[in-house]
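Novice: model this:
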Amino acid sequence: MSKGQASQKAIAEHLGLAVGTVSRAMNGYPDIAKSTRDRVMAAARELGYRPNNAARRLSTGVSEVAAYIMPEQTSSLSEPFIAELLKGLGETLRKRGWDLMVTHTTSAQDELEQIDRLWNTGAVGAIVISRPLKKDPRIPLMQKLGCPFVVHGRSASEAPFAWYDVDGQDAFMSSVNHLVGLGHRRIAFVGSPLQYEFAQSRLDGYKQGLKINGLSYDPELVQIADISDAGGERATHQLLTLEAPPTAILAVTDTVALGVLTAIRAAGLRPGPDISVIGYDGLQFGVHTNPPLTSMEQPRAHAGRRIAEMVFNLIDGADPKDVTELQRAHLVSRATDAPAKHPNKPEINSVREKQNDTD
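Specialist: Below you'll find the model as predicted:
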C-alpha cells in the first residue's frame, strides 16, 4: 500500500490491534493507554494516514470547526493584529484536526442571528468573539445555546465564561508612569466609545496613573473618538486648541495613534520632541510611522494559540470559570516618547493661536 492511502483498518492490521482501538486512540479517548495511542499515531504517520474529518464529525456529533467572528469597525489598519491572532488560532486548531471559519457581520443584531444559526445548524463546534461590550448580549446567548465559546476580552456576566485578555488598565497606568518619569504633567487620553469593556479599562488605567502620580484628572484632556486614524486626528486637533495643550497623548490603539501623529505634524509640531505619543497594540506598522511609534505591545499570535487551547479545554469538559488568562502588555519605546518640554513653550502657543485664527 502506498503512502496517503492508509485506512484505520490498515493501521489496525499493521499493529495487530482492533479497528475500534485504533479509532478511539486517534480520537483521544481516555480509556486508551498513552503507549497505545503513541504507537497508533506513529503508524499513522509512517503509513501516510489522512483522517476523514467528515466521517469523524458524523460519528462524534461534533463539528470540528471553530468560528471567529470579526469585530465590528475592523479597519484595514487593524488587520495586522487580526491576522496574527488568526494565525495562532488556526495553527493550534489544525494540530487537533479542527478548521477555522472566519465570518463578518454587519450589525450587532446580525451577529446574534449568525451565532444562533451557526450553532443550531451544527456548522461549528465552538465560537470565538472579540471586543466585548460591558454587557454583551452575545455572551448570555451562547451560554443559553450551550455553545463552547471563548471571549477575547472581558465583560460583565452573571455566569462565568472562558476568556483571554491583556490587562489594559495596567498598561495605561504604566504608560502614565513612564510619561511622568519623563517630566510630563499635562497628559491627554484619546479613547474609544465606552460601551466597550476594553475602552473603559484603558481609561480607568489612565485615571489611576494620574492619581498615583499626584496629578489631577482634567476632563478637557480626554477625548472619546472613533476607533480609527481619522478619529484620532479629529480628537488631537481639539486637544491642540486648548489654552494649555498637552505635552503627551495616550492613544487607545495604534490605529488611533496614527491619527494623533498626523494631527501633531499638521500643527507644525514634532511627535516625540514636542508632544510625546504612546499607542497600544504594538502593531508592526508603528515601525514605519513618522516618526516610529512608541506603543504598549500585547501578544497576538500567542493570544490566538492560547484561545484555541482554551477552546479544546472546554470541548474536553473544563468548567468555563477555570478557563481564563490575563496577560500584560509591555512598552516598546521607539521615537515618540521624549522628555517633556515646558507646557507653555512659545512654539506650542504660537501654533494654537494660528489654529484659533484659522478656526
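
Novice: which residue ranges of the stretch 51-200 of the chain form helices?
Specialist: 53-60, 79-94, 108-120, 138-145, 168-181, 197-212 (DSSP state H, counting those that start in this stretch).

Novice: could I get these as JSON lines with distance to residue 271, mean pLDDT and mean neighbour count?
Specialist: Any C-beta I mention is one placed from the backbone N, CA and C, and that applies to glycine too. Shown next, in JSON lines, are the helices of the stretch 51-200 of the chain (distance: least, CB to CB, whole Å; pLDDT from 0 to 100; neighbours: other CB atoms under 10 Å):
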{"stretch": "helix 53-60", "distance to residue 271": "50", "mean pLDDT": "47", "mean neighbour count": "12"}
{"stretch": "helix 79-94", "distance to residue 271": "21", "mean pLDDT": "88", "mean neighbour count": "18"}
{"stretch": "helix 108-120", "distance to residue 271": "35", "mean pLDDT": "93", "mean neighbour count": "16"}
{"stretch": "helix 138-145", "distance to residue 271": "37", "mean pLDDT": "96", "mean neighbour count": "17"}
{"stretch": "helix 168-181", "distance to residue 271": "14", "mean pLDDT": "98", "mean neighbour count": "21"}
{"stretch": "helix 197-212", "distance to residue 271": "19", "mean pLDDT": "97", "mean neighbour count": "20"}
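
Novice: nearest residue to residue 191 in space, please, no chain neighbours.
Specialist: Excluding its sequence neighbours, the residue lying closest to residue 191 (CB to CB, 6 or more residues apart in numbering) is residue 252, at 4.7 Å.

Novice: was I right about the one you found contacting residue 192?
Specialist: Yes. Counting by CB atoms under 8 Å, residue 252 touches residue 192, with 4.8 Å between them.

Novice: now the helices for the stretch 251-359 of the chain?
Specialist: All helices of the stretch 251-359 of the chain, identified by DSSP H, counting those that start in this stretch, fall at 254-266, 301-315, 346-358.

Novice: these: lowest mean pLDDT?
Specialist: When the helices of the stretch 251-359 of the chain are ranked by mean pLDDT, helix 346-358 comes last with a mean of 44.

Novice: can you tell me the centre-most residue of the chain?
Specialist: residue 152 (5.9 Å; CA atoms, centre = their mean).

Novice: report how many residues lie close to the nearest residue to that one once chain neighbours are set aside.
Specialist: Leaving aside its sequence neighbours, residue 152 sits nearest to residue 130 (CB to CB, 6+ apart; 4.1 Å). When neighbours are counted by other CB atoms under 10 Å, residue 130 registers 21.

Novice: and residue 130, what is it in contact with?
Specialist: Counting by CB atoms under 8 Å, 6 or more residues apart in numbering, residue 130 touches 68-71, 85, 151-153.

Novice: next one, pLDDT for the residue nearest to residue 191 please.
Specialist: 97.

Novice: how many residues are close by it?
Specialist: 30.

Novice: separation between it and residue 9?
Specialist: In this view, residue 252 and residue 9 are 57 Å apart by CB to CB, to the nearest Å.

Novice: and for residue 236?
Specialist: 67 Å.

Novice: which SS class is residue 38?
Specialist: Put simply, residue 38 is helix when judged by DSSP: H, G, I helix; E, B strand; the rest coil.

Novice: same deal with the one 5 residues further on?
Specialist: The three-state label for residue 43, taken from three-state DSSP, comes out as helix.

Novice: residue numbering should commence at 202 henceforth.
Specialist: New numbering, starting at 202: the last item is residue 244.

Novice: which ones are touching it?
Specialist: 212, 215-216, 250.

Novice: near the residue lying closest to residue 219 once chain neighbours are set aside, how many other residues are there?
Specialist: Of all residues not flanking residue 219 in the chain, residue 213 sits nearest, at 6.2 Å (CB to CB, 6+ apart). Using other CB under 10 Å, residue 213 has 18 other residues around it.

Novice: look up how far residue 472 lies from the residue nearest to residue 361 when sequence neighbours are not counted.
Specialist: Nearest residue to residue 361 in three dimensions, chain neighbours excluded: residue 522, at 3.5 Å (CB to CB, 6+ apart). Separation of residue 522 from residue 472 (CB to CB) stands at 44 Å.

Novice: same drill for these two, tell me which one is more crowded.
Specialist: Legend: neighbour count by other CB under 10 Å for residue 522 and residue 472, higher for residue 472 (26 against 10).

Novice: could you check stretch 473-487 and say which residues are buried?
Specialist: Within stretch 473-487, the residues that qualify as buried are 473, 475-484, 487, counting by 16 or more other CB atoms under 10 Å.

Novice: dump those into a markdown table; add pLDDT and distance to residue 295 as well.
Specialist: Converted to a markdown table, the buried residues of stretch 473-487 look like this (pLDDT from 0 to 100; distance: CB to CB, whole Å):
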| residue | pLDDT | distance to residue 295 |
| --- | --- | --- |
| 473 | 97 | 42 |
| 475 | 97 | 48 |
| 476 | 98 | 45 |
| 477 | 98 | 42 |
| 478 | 98 | 39 |
| 479 | 98 | 36 |
| 480 | 98 | 32 |
| 481 | 96 | 30 |
| 482 | 93 | 26 |
| 483 | 93 | 26 |
| 484 | 90 | 25 |
| 487 | 94 | 30 |
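
Novice: fine by me, we can end here.
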